[in-house]
Structure formats: structure tokens, C-alpha cells
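Student: okay, here's the prediction I keep looking at, along with the sequence it came from:
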Amino acid sequence: MKNLLLGITLLCSFAAPVWANKAFVSNERDNTISVIDTDSWEVIHQFNGGNRPRGITLSPDGTKLYVCASDDNLVRVFDTETYEELPSLPSGPDPELFIIEPSGKRLYIANEDDNLVTVTDTETRTVLAEVPVGVEPEGMGMSPDAKWVVNTSETTNMAHFISTEDYQIKHNVLVDQRPRYAQYSADGTRLFVSSEIGGTVTVMDIAADGTPEVIKKISFEVPGVLPEWLQPVGVKVTEDGSRVFVALGPANRVAVIDGESLEVIDYIITGQRVWQLAFTPGEEYLLTTNGNSNDITVIDVAREKAIKSVQVGQQPWGVVVTPE
Amino acid sequence: MRKLVMPLAIAFHFICLATAALALDVRAGVLRVDYTEVLPISRFDLKPEDIGFAGAQLADEDNGTTGSFLGHSYETVTIAAPPEEAEAALEDLLADGIRLIVVIARAEDLLRLTDIAAQSDALVFNAAAPDLELRDANCRGNLLHIAPSTAMNTDAIGQFALWKKWDKWLLVSGSNPADEAIAEAFRRTANKFGAKLVAERTFEDTGGTRRTDSGHVLVQRQLPVFMQRTDDHDVVMTADGTDYFARYLPYHLWTPRPVMGSAGLRPVTMHGAHEAWGATQYHTRFEALAGRYVTPVDYNVWLSLRIVGEAVTRAQTADPQGVRDYALSDEFELAAFKGQKVTFRDWNGQLRQPILLFDGSITVSVSPQDGYLHQVSPLDTLGLDRPESKCTAFE
């Protein structure tokens, strides 16, 4: 059965015209953005991304690249075709991670230094609101219906649920130490929050009105790896919810979790200090940023195997892939 | 209509929180015993007036931000007193109803104050005293050690030297009891990890002033002479707990070798240039508040009060016994900007923590080093281990 499915997947991928997509990788250390062709897996370009580029995302139409230039205290914007720099966006101090709403209008930015989430209008390039959150805000997730933004605060250790309607926090959920990332499932009924120092992923069921309820904490275990180094950071969930991938930092592995049972079923070895993740369109591949080996690992999602690594700049941090 | 709905919604929101979590007003104290001390060798080591207290202020702010979502508030009272007035200061805190007390004092005063606090069932956090005996035969059930022990510090340095394969050590120690305690810890570290102490040398403390104009001229002439005719060694380990000679040794040796311990590469809990694991944000907050760099004592006080905050947030208790039980339980874990969670040794109340190795401007390395393994936690390769400990107050 699995073979049949695999065959169909393969057929599909051959049948569809192969449009090369671009993966953009922010390199925190050398202040550059690497551009990778997801067909040939070659680095086709590298350009200056501002000082200390970390969080990275695209406008929904894929024409604009947004980069948190943490040490410049702003969001730099680039044309994804010409790589020309466009006018920057105000971000508040020390932006680290952000999330863009599906319409592309509002960008929600975590200001690590100021206990704030800044809401920026990408069209007028103005700040719409500042939402006070816990100490050291970092992770930013958005519900698929765009009604909720979830921010994680690394020292307060909470997931804060901010309504995008009035910018008020409506729910606070305690999670384990140093939460780094928040990811909703595509149907919006689940939320996954990774806790780097706690070593867990907290799973919440999300009610129709957006109310969260913690249902499980996933922990990790790899023979021969000290438990201290199993540090979950980036999280991605497949569109159908069947698989959850979790980057485990200095354990140099991505955990594969069954979306149904919420049990870890495998660990995929990657480069060193794996932090952020991104799917290619259609979820054919999952890309990981490996900060201590200066490369990205390409994981074949269907086979759940690492198939390639691509050398990028110094200390790759975030990754995003252009849509079809 | 919309305007009306919003305040109502907010009010409702707060009511929900207030009922969901128990409202708690958490009060703690910091008691700092100020000693008459000679000036430090380096002006960079002059103690700020608010040392320790600034760490408490930041902890109140950090805990308070978290508390604002849960209906908890935090207030920490700070007192500084000379040793002869320390007991009265403690009595004031106790009379004020405070039962969670961070103490910045030397071992003998710390013990005296801890025993008085015990009579009122108060819990004490040791933010400064490194003495091994406080974690050993002289431990106390109501005393938690946030400051690392001398043995943790020398083990941290020793592991790094051995990772470098620098296993022949020359030990230079001072003549005061605090210096000798560090020297003894280095002997223990060498024995524990298999380094060779090729020779030992004592630098007598003959007193005298610290501040002389162009004193470096004499230092440059005299120290190399003192360091002549040594056995072959890889590194000079220094044991100077009273800050009178070790700082002069780097660059003034006879044989050019790295200096570690009390000078050169030093073990610290935190320093103002440590940037990994989110520490930059910690420094930004601290510096905005205090107008200076953080010291290890400030960090230790901050950590003590963050432990209280965790107990309040996760176990809904600000009661000294409740905080102690939670801190010593398997449930407790805390992120401390050191790359892994810190926890307690439940058999002597010592906080397990990585130690930063600091050269005066950057983090050179962080111990425990790769390859030092332990059946409980690699952090337990630093300092006194359970089978060696004579502490029974936690049984």
C-alpha cells in the first residue's frame, strides 16, 4: 500500500511541470541571504541581508522577501526576482521572528528586547499596534483563519493568544522552559509549541472559538545523545496533519511525529544545530537550517529521509520557499 | 457600541484569570552583608553600590511581567548591613513577614543567618559563598546554593585544561584561608580528572597598599623572578580568593604559559559579555535598569528570585516549604541563559549549572566539557558528588 502511494506521488511529481522554486536562507553570522534553486539544489545567489538576519518570510504572492534584520532594528524587504532592496518596514527593537497574515497586509513581529509584539502595516509601512507580552517574545504562529496570533515568550514561558481583531491577549498558556516556536495545523484545530530548554513540544487542541487546551507534551529520546541536547526549536506540520516535524537543535536531528498518535516515530539526522524548517510547495521536501555546519539539509518528506545537504553562508538561521 | 464591548471584554478577561489562578502577592528579601575590604587590584572589580540589589529589581520586573498574566505580584525588600548588624537586619525581614531570603555573605555569617531564619521556617538562598563545607558536612536543610562551589569552579577550569590536553599544572596559591580553599579544590580537581600538579608555590600575603603610582614597574621586575625555576608545566593555576596577586601573573611569568583560575581564564556564573542562548536580552534589560554590566552576584540573586517565580507560576506556592519542595522536585527546571536547564541536587541543595569560562572580555568556553559523563547529569561532573558528600540535612 505504501509502495503504491509512493508510486502515485512519484508519478504526480513527474506529471506536474517542474517549476523551480527558490529557497531563501538567512545567514545570521555573515549578514547574507543565500538563494537556492530547489530543482538543482544549487546556491544561485547570495546577497546582503542587513545586520544579523534571522526571521525570514515572503509576501503571499512570493514577490517580496521580508527579513528581520535584528541588529538594524527593522525589517528589510527585497524583491525576490531582482534581489533589489525595497523600502524597509518599522519593526520595533531587535526583531527576531515574525508572521505575515494570508492577505499580506499585516506583519506581526516579536521584539525580543522589549517584551512587545509589534504589528506593522506592510503597505503604509507604519506600526499599527504594540502588544505587551511576556519576557523575551520569540515564536510567532498564526491560526489559518488569521483570527489569532500566538506569541511565545522565552523567559515567561507562555504562549500568548492575541486576537487580530483588537490586539488584546485573550489566553495565556504556560509551557515548558524557553518556548521558541508556535505552529498551527492547517485545519486550525491543533497548536504545537516547542520548548527548547524544557525539551518538549506542547500540543494544544484549539476549540472553534480559538480557546486552547493542552492535551499532551511530547518529549524526545535518542540513544547515545545526552537528553540536555534534545532542544526542540522549529516545527512544521504537513497539510493533512499526518506528520509533525520538529528540529532538535544541537541533537542534529529532526524528529518525525505521527500526527494522530502524537508519538515520535523516527529521527532524521541533519547538519549541526538544526533550528528552523520550511516545506517546498506541495510538501515534497523539508529544508532545515543547520547553524553550526553552515548548510541546509534537504529531507524527502514522503520517504522521511535526508537526501542532500547544501552549503550556504555562515550560521544559517531561517528558511522560506517561494510558493508555486 | 464597540467601545463599550471592549472594556467589558477586558474586565471579563481579568476576572477569568483571577479566578483561574490563585492571586498571590509574593514578598522576598535580599540581605547583603557588607565587609570592610581592601581595594581590588583592578578598578573594574570595584563593587557597585547596588550589587545584588539590581539583580533583585530585574527579577521583580521579569517575574512581575509573567505574574501580570496570572494575577501574581512580586516585591523584594533589600537591606545592606555590616556583619555586626546582619542579625538585626534579618530579624527586621522576618518581622516583616518575609520568609524567602537571598543572602549575600561569607560562609560564617551565612550559616549564622540561615540558622536564625530556620527558627522562623524561612528559606535562604546563598548568592555568594563558594565554600565547599556549606555543601558538605555543614549543609542546612533550609539553605539552597545558587552560587557554585569552589569545587565546581575548579572542576570547570580543570575540564577545559584537560580538553586542551594541558595536563601538567603549576599551582600558585595565596596564603589566606580563602586562597588555600581554592588551592585545595584545585588539588582535588587534579586528582579527580587525572591532571599532574607538577609543583606548588605560595605567594605570601604581606599586606600593604593596593594603590601605588606606577606600581607595575616593580611587578614587572619582581614577578618573573618569583616564577623562575619551575618544573615543566602546561598551565599556571592560580588560587587567590582574596584578590592580591593572581591578577598580576598573566604576562609576568618566567615561562610563557596560560594562567587560569583566579586570573586569566576565570570560572564565573555570568558576565556582561555573555551573548549565547538569549543572554543578550538579559543584559539589555539589566543594563537599562542598573546602568552598568551585570555581576555574578546580581545574576545569582536574579536566579534565586526566578526560582521563587517558577514555584509561584507552576506550583502556585510562595510558602518557603512549598518553594523548597518544588525547587528540589523532578518537576523543577529553569532556563538560565546557559544552554541547558538548571536544576537542584536534591541531596545538598546545590544548583546544577554550567560554568562560563571568562577571559575578562568574552566567553572562551562553557563547562562541563564534551566527554565528561555522569550517570545523573553531565553537570554533576562539576563539584562535590553525592557519594562524596557528608550532607545529611536533605535526607
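Tutor: Arrived safely, thanks for sending.
Student: who are the contact partners of the residue in the stretch 201-324 of chain A positioned nearest to chain B?
Tutor: For the stretch 201-324 of chain A, the residue closest to chain B is A:E228, as judged by CB to the nearest CB, at 4.4 Å. In short, each C-beta sits where N, CA and C put it, glycine included. Counting by CB atoms under 8 Å, 6 or more residues apart in numbering or on different chains, A:E228 touches A:199, B:340-341, B:377-378.
Student: wasn't it part of a strand?
Tutor: No - applying DSSP: H, G, I helix; E, B strand; the rest coil, one finds A:E228 to be helix, outside a strand.
Student: for B:L171, see how far away it is.
Tutor: Using CB to CB, to the nearest Å, A:E228 is found at 31 Å from B:L171.
Student: for A:A251, same thing?
Tutor: Going from A:A251 to B:L171 by CB to CB gives 38 Å.
Student: the two: who's more crowded?
Tutor: Between A:A251 and B:L171, counted using other CB atoms under 10 Å in any protein chain shown, the more crowded position is A:A251 (25 against 22).
Student: list the residues that contact that one.
Tutor: A:220, A:222, A:225, A:229-231.
Student: how does it look with 10 Å?
Tutor: A:199, A:220, A:222, A:225-232, A:267, A:269-270, A:272-274 (CB atoms under 10 Å, 6 or more residues apart in numbering or on different chains).
Student: quick check: which element contains it?
Tutor: Assigned by DSSP states H and E, A:A251 belongs to no helix or strand.
Student: for A:I218, same thing?
Tutor: Following DSSP H and E, one finds A:I218 within strand A:212-219.
Student: quick one: strands adjacent to the helix or strand following that strand?
Tutor: As assigned by DSSP H and E, the chain's next helix or strand after strand A:212-219 is strand A:235-237. Here strand A:235-237 is paired, per DSSP bridges, with strand A:243-247 (antiparallel).
Student: then the partner strand to CSV, C-alphas only?
Tutor: What follows is strand A:243-247, C-alpha atoms only, in CSV (Å, rounded to 0.1, in the frame of the first residue of the first chain):
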residue,chain,number,x,y,z
ARG,A,243,3.2,14.2,10.3
VAL,A,244,4.8,16.8,12.5
PHE,A,245,8.5,17.6,12.1
VAL,A,246,10.5,19.1,14.9
ALA,A,247,14.1,20.4,14.6
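Student: so how far is it from its chain's centroid?
Tutor: Centroid displacement of strand A:243-247 relative to its chain, using CA atoms, centre = their mean, to the nearest Å, is 11 Å.
Student: how about stretch A:137-151?
Tutor: Counting by CA atoms, centre = their mean, stretch A:137-151 comes out at 12 Å from the chain centroid.
Student: show me where the chain has helices.
Tutor: This is for chain A. A:2-15 (DSSP state H).
Student: that's the other chain; I wanted chain B
Tutor: Using DSSP H, helices in chain B cover B:2-20, B:53-68, B:86-95, B:107-119, B:150-163, B:177-193, B:216-226, B:279-290, B:296-315, B:320-328.
Student: surely A:E263 touches A:F220?
Tutor: No - look at A:E263 against A:F220 with CB atoms under 10 Å: they stay out of range, at 11.1 Å.
Student: so for the two, which sits in the more crowded spot?
Tutor: Ranked by neighbour count (other CB under 10 Å), A:E263 and A:F220 place A:F220 first, with 21 against 9.
Student: count the neighbours of the residue nearest to the more buried one when sequence neighbours are not counted for me.
Tutor: Counting by CB to CB, 6 or more residues apart in numbering or on different chains, A:L230 is the residue found nearest to A:F220 once chain neighbours are left out, at 4.4 Å. With neighbours defined by other CB under 10 Å, the count for A:L230 comes to 22.
Student: same thing with the one 5 residues further on?
Tutor: Taking other CB under 10 Å as the neighbour definition, A:V235 ends up with a count of 25.
Student: tell me who's in contact with it.
Tutor: Applying CB under 10 Å, 6+ apart, the residues near A:V235 are A:139, A:141, A:180-184, A:191-194, A:201, A:244-247, A:255, A:257, A:276-277.
Student: taking the residues you listed one by one, which sit in strands?
Tutor: When those are checked against strands (DSSP state E), the matches are A:139, A:141, A:180-184, A:191-194, A:201, A:244-247, A:255, A:257, A:276-277.
Student: any idea how far A:P227 is from the nearest residue to B:Q350 once chain neighbours are set aside?
Tutor: The shortest distance from B:Q350 to any non-neighbouring residue, by CB to CB, 6+ apart, is to B:H145 (4.6 Å). Distance, B:H145 to A:P227, by CB to CB: 24 Å.
Student: which of the two has more residues huddled nearby?
Tutor: Neighbour comparison, B:H145 and A:P227: the larger count goes to B:H145, with 29 against 16 (by other CB under 10 Å).
Student: for the more buried one, which residues count as its bridge partners?
Tutor: Note on B:H145: beta-bridge partners B:N126, B:Q350, judged by DSSP bridges.
Student: measure it to chain A for me?
Tutor: 21 Å (CB to the nearest CB, to the nearest Å).
Student: equivalent analysis for B:N142, please.
Tutor: Distance from B:N142 to chain A, by CB to the nearest CB: 26 Å.
Student: so that residue touches B:D115, yeah?
Tutor: Yes - assessed by CB under 10 Å, B:N142 is found in contact with B:D115 at 8.8 Å.
Student: got any residues that touch both of these two?
Tutor: B:V124.
Student: neighbour count winner among these two?
Tutor: Ranked by neighbour count (other CB under 10 Å), B:N142 and B:D115 place B:N142 first, with 21 against 13.
Student: the more buried one: what's it in contact with?
Tutor: Contacts of B:N142 (CB under 10 Å, 6+ apart): B:99, B:101, B:114-115, B:117-124, B:320-321, B:324, B:349, B:393.
Student: again, but for B:D25
Tutor: B:67, B:71-75, B:318.
Student: for residue 308, give me its contacts.
Tutor: Went with chain A since none was named. A:41, A:285, A:287, A:295-300.
Student: actually it's chain B I care about, not the one you picked
Tutor: Counted by CB under 10 Å, 6+ apart, B:V308 has contacts B:26-28, B:59, B:63, B:74, B:76, B:100, B:102, B:123, B:125, B:317-318, B:320, B:323, B:326-327.
Student: A:A208 and A:D187 touch, don't they?
Tutor: No - contact criterion CB under 10 Å: A:A208 and A:D187 do not qualify, at 11.3 Å.
Student: for the chain, give me the ranges with low pLDDT.
Tutor: Since no chain was named, I'll use chain A. A:1-19 (pLDDT under 70).
Student: chain B was what I was after
Tutor: If you take pLDDT under 70 as the line, chain B has these spans: B:1-21, B:209-215.
Student: pull out the buried members of the contacts of B:N142.
Tutor: B:99, B:101, B:114, B:117-118, B:120, B:122-124, B:320, B:324, B:349 (16 or more other CB atoms under 10 Å in any protein chain shown).
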